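# Predicted model, plus sequence, below.
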Amino acid sequence: MNVLLQWLPDRIYSGLSFKTRLLLLLSLVVSVQLFFIGYIFHITLSNTIQQQVGTRAMVQAREIASDYELIEAVEKDHRRVVQSLIDRLSPFTDADYIVVGNNDEVRLAHPNPSKVGLPMVGGDSSRALKLGESYYSIRKGSLGFAIRGKAPIFSSNNQIVGVISVGYLLDSIDTWFSFYLQPVFFTLLLTLLISFIGAWAFSTHIKRQMYDMEPNEIALSLRLQESVLQAVYEGIIAVDTDGKIVTVNKTGLSILGISYSRKYLIGRLVSEFVTPASFLLCHPTSNNINDEVINLNGETLIASRVAITDSGDHSGWVVSFRKRNDINTLTHQLTQVRQFTENFRVVTHEHANRLSTISGLIQIGAYDQALKTIRSETENQQQLIDYVSHTFNCRIIAGLLLGKYSRAQELGLKLEFDTTCLLQAEPVNISSNELAAVIGNLLDNAFEATLKNPNSNKTIILLITDITDELVVEVSDNGAGIDLEKVHLLFEKGATSKEEEGHGIGLYLVHRFITNAGGVVIVDEAEPLGAIFSLFVPNKR
């Protein structure tokens, strides 16, 4: 039976649009409701009119039965007198007829004189004649169906001598009923029309909210969205303006280390499961962000944030993210591999020049000078290697500094190490790769700024120390200097003084790495000209 009930609507509605089906359904529901309302009102009004008319007929019958002249005429069986009295009272009542009968239920007065003397019809007078009660009933009499009020006629010695019957024909009552029902009928009809218009407007609104898509199209779109969401390699999480999770994919849960199911998370505050959640709960007027370095649940991630809008209104955010080391991202421009590749290129180029010089000295027979050059180069290089390897107990940083030292020499610059330099161990709150990227970027900027100053002493000074609870890095150049009022702009992504495309990333990443490690970046002027970049990172184990 249930299968049949489900099959029939599908067969009926299969060729109709969702809007039409919704309109028909709402109209049907309203019509059924109005039908029941009209039916209940009809029953209530019918019962009310019947009761009121019956009570009215009974009261009139009592009043007529208490007339002394009528009582005396009935006792003496004076039919003409009774008829005369009833004819006199009839104009003063709205009843359809008044019938008077004796205690044998024989008519003494009737609207039709030919009926006088005949037995009363209906069989509903016994209660008045035998029990002396006043009441009303619905019976068919000689004039048709009517509501009849009955009252006994008592003589002077309190004996029942007759009965009064005051009747209202149902045909007349139907007229009254139609009179009262007509405005109600028109009201219900008007209500049905208004409801139909409202159903049409509501179905149109719902269809517009569904972007004019049919339910099967919406279902397909949701399934497609779910499939795409789970197929994306990046983690994705969407939140509304209240900070509640709208959706999240499995990759996102895995990256963030959240063990709860997607179904459990939807509708809950994202701040309960993601720390810190500020990147996901920014102000609606904030701009969209691409490839931001952030930290969520202890993971360093590359994230992008896009606003969700609905007709221009802000509805929330969609955030996509992936682990910083998983794919080739902005950080790849300053990774250890590229740094070492650049360093090896510089060293190779420098040694190629030195080998050419030694080869020339041998060819011209200057053997002593060639040996002296080889010994000098070997001793200087070994001294540098010994100093760097003993001072900086981090292989990645040591390798970076050796390459940057050679790069400075190739550019005609001098890289000096502060006498207080000492890196005792791997950094705590920032990885060695990130620290290498930070130092390498600062040195590159210092090299470039120094070359732009024709009056520079060509010296860059580097300080790296972790002898306190802080890791301190300081790079001082003798370059073209900076505008302190615009220092904050240096760390914005894309901000650069270079004309070539692809720059403006280094200092942005420096700032992100240091702030994510809980540190600060301070920029100051150097004397007589240049800039000093100082980094302070908590390093307590």
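Structure received. Numbering: from 1, shown residues only.
# helices and strands around the helix or strand I308 falls within, which ones?
Following DSSP states H and E, the helix or strand that holds I308 is strand 299-310. Helices and strands touching strand 299-310, by 3 or more C-beta pairs under 8 Å, 6 or more residues apart in numbering; DSSP states H and E, are helix 250-256, strand 289-296, strand 313-323. Yep, even glycine has a C-beta here, placed from its N, CA and C like the rest.
# and the ones you listed as a markdown table, adding mean neighbour count, mean pLDDT and distance to G267?
Output for the helices and strands packed on strand 299-310, formatted as a markdown table (neighbours: other C-beta atoms under 10 Å; pLDDT from 0 to 100; distance: least, C-beta to C-beta, whole Å):
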| stretch | mean neighbour count | mean pLDDT | distance to G267 |
| --- | --- | --- | --- |
| helix 250-256 | 18 | 85 | 16 |
| strand 289-296 | 18 | 79 | 20 |
| strand 313-323 | 19 | 83 | 13 |
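# quick one: which of those is nearest G101?
With C-beta to C-beta as the measure, strand 313-323 is the member of those nearest G101 (83.3 Å).
# Render the CA-only coordinates of the closest one in CSV, please.
Taking C-alpha atoms only, strand 313-323 is exported to CSV below (Å, rounded to 0.1, in the frame of the first residue of the first chain):
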residue,chain,number,x,y,z
ASP,A,313,26.2,39.8,1.1
HIS,A,314,29.1,38.2,3.0
SER,A,315,28.1,34.6,4.1
GLY,A,316,31.4,33.2,5.3
TRP,A,317,34.9,32.0,4.2
VAL,A,318,36.4,29.1,2.4
VAL,A,319,39.9,28.3,3.4
SER,A,320,42.2,25.9,1.5
PHE,A,321,45.5,24.9,3.0
ARG,A,322,48.3,22.4,2.6
LYS,A,323,51.5,21.6,4.5
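# Would you mind listing the outside residues contacting it?
Residues from elsewhere that reach strand 313-323, judged by C-beta atoms under 8 Å, 6 or more residues apart in numbering: 232-241, 246, 252, 255, 279-282, 284, 294, 296, 299-309, 329.
# how about a cut-off of 6 Å?
Strand 313-323 is contacted by residues 234-241, 280, 284, 301-308 when judged by C-beta atoms under 6 Å, 6 or more residues apart in numbering.
# Give me the angle between that strand and strand 289-296.
Counting by axes from the mean of the first three to the mean of the last three C-alpha atoms, to 10 degrees, strand 313-323 lies at 60 degrees to strand 289-296.
# and strand 313-323, how far out from the chain's middle?
13 Å (C-alpha atoms, centre = their mean, to the nearest Å).
# Look up phi and psi at the spatially closest residue to K404 that is not a sequence neighbour.
Excluding the flanking residues, the one nearest K404 by C-beta to C-beta, 6 or more residues apart in numbering is L443, at 5.0 Å. Dihedral pair for L443: phi -70, psi -40, per degrees, to the nearest 10.
# same deal with the one 4 residues further on?
Main-chain dihedrals, F447, degrees, to the nearest 10: phi -60, psi -50.
# Please name the residues that touch the residue minimising distance to the centre of the chain.
For the chain, the residue nearest the mean C-alpha position is D240 (5.4 Å; C-alpha atoms, centre = their mean). Residues near D240 by C-beta under 6 Å, 6+ apart: V246, G316.
# What does the pLDDT read for it?
Looking at D240, its pLDDT reads 87.
# Sketch out the low-pLDDT regions of the stretch 201-350 of the chain for me.
211, 217-218, 220-222, 225, 227-229, 231, 283-286, 311-312, 325-350 (pLDDT under 70).
# Could you chop the chain up by domain?
16-212, 235-323, 330-538 (automatic domain parsing).
# mean pLDDT for the ones you listed: which is lowest?
The stretch with the lowest mean pLDDT among the domains of the chain is domain 330-538, at a mean of 77.
# now that domain: how far from the chain's centre is it?
With C-alpha atoms, centre = their mean as the basis, domain 330-538 stands 50 Å off its chain's centre.
# please renumber so the chain begins at 564
Fine by me, first position is 564 from now on; the one you just mentioned is domain 893-1101.
# quick revisit: count the residues that sit near the residue nearest to K967.
By the criterion of other C-beta atoms under 10 Å, L1006 has 24 neighbours.
# Kindly report the same for the one 10 residues further on.
The criterion is other C-beta under 10 Å. On that basis, N1016 has 16 neighbouring residues.
# Let me know whether it touches G1042 as I believe.
Yes - contact criterion C-beta atoms under 6 Å: N1016 and G1042 qualify, at 5.1 Å.
# Now render the domains of the chain as CSV, adding distance to R786.
Below are these laid out as CSV (distance: least, C-beta to C-beta, whole Å):
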stretch, distance to R786
domain 579-775, 16
domain 798-886, 14
domain 893-1101, 35
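# Can you list the helices and strands that the longest helix along the chain packs against?
Ordering each helix of the chain by length in residues (DSSP state H) puts helix 581-628 first. When contacts are defined as 3 or more C-beta pairs under 6 Å, 6 or more residues apart in numbering; DSSP states H and E, helix 581-628 sits against strand 698-704, strand 707-717, strand 723-732, helix 733-772.
# Skip ahead from that helix and say which helix or strand is next.
Heading C-terminal from helix 581-628 (DSSP H and E), you reach helix 631-638.
# So the residue nearest to the centre of the chain versus S824, what's the distance?
Distance check for D803 against S824: by C-beta to C-beta, to the nearest Å, it reads 19 Å.
# what does P839 give?
Distance, P839 to S824, using C-beta to C-beta: 23 Å.
# again, but for G617
70 Å.
# Compare the two (neighbour count), which wins?
Ranked by neighbour count (other C-beta under 10 Å), G617 and S824 place G617 first, with 18 against 10.
# Correct me if wrong: that one contacts Y698.
No - the criterion here is C-beta under 6 Å, and G617 misses it with Y698 at 8.3 Å.
# returning to that earlier point: would you list the helices and strands packed on helix 581-628 in a markdown table and tack on mean neighbour count and distance to I1085?
Conversion of the helices and strands packed on helix 581-628 to a markdown table gives the following (neighbours: other C-beta atoms under 10 Å; distance: least, C-beta to C-beta, whole Å):
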| stretch | mean neighbour count | distance to I1085 |
| --- | --- | --- |
| strand 698-704 | 18 | 104 |
| strand 707-717 | 23 | 104 |
| strand 723-732 | 25 | 105 |
| helix 733-772 | 14 | 54 |
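# Can I get these in a markdown table including distance to R885?
As requested, these are exported to a markdown table (distance: least, C-beta to C-beta, whole Å):
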| stretch | distance to R885 |
| --- | --- |
| strand 698-704 | 86 |
| strand 707-717 | 87 |
| strand 723-732 | 89 |
| helix 733-772 | 34 |
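# quick one, which of the ones you listed is nearest to R651?
strand 723-732 (14.5 Å).
# Now do the closest one: which elements does it pack against?
In terms of contacts (3+ C-beta pairs under 6 Å, 6+ apart), strand 723-732 is packed against helix 581-628, helix 631-638, strand 660-665, strand 707-717.
# Throw those into CSV and include distance to A672, thanks.
Below are the helices and strands packed on strand 723-732 laid out as CSV (distance: least, C-beta to C-beta, whole Å):
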stretch, distance to A672
helix 581-628, 10
helix 631-638, 9
strand 660-665, 4
strand 707-717, 12
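# looking at those, which is closest to H768?
Of all the helices and strands packed on strand 723-732, helix 581-628 comes closest under C-beta to C-beta, at 10.0 Å.
# and the strand or helix carrying A1000 with strand 862-873, angle?
Using DSSP H and E, A1000 sits in helix 995-1014. Helix 995-1014 and strand 862-873 meet at an angle of 80 degrees, taking the same axes, to 10 degrees as the criterion.
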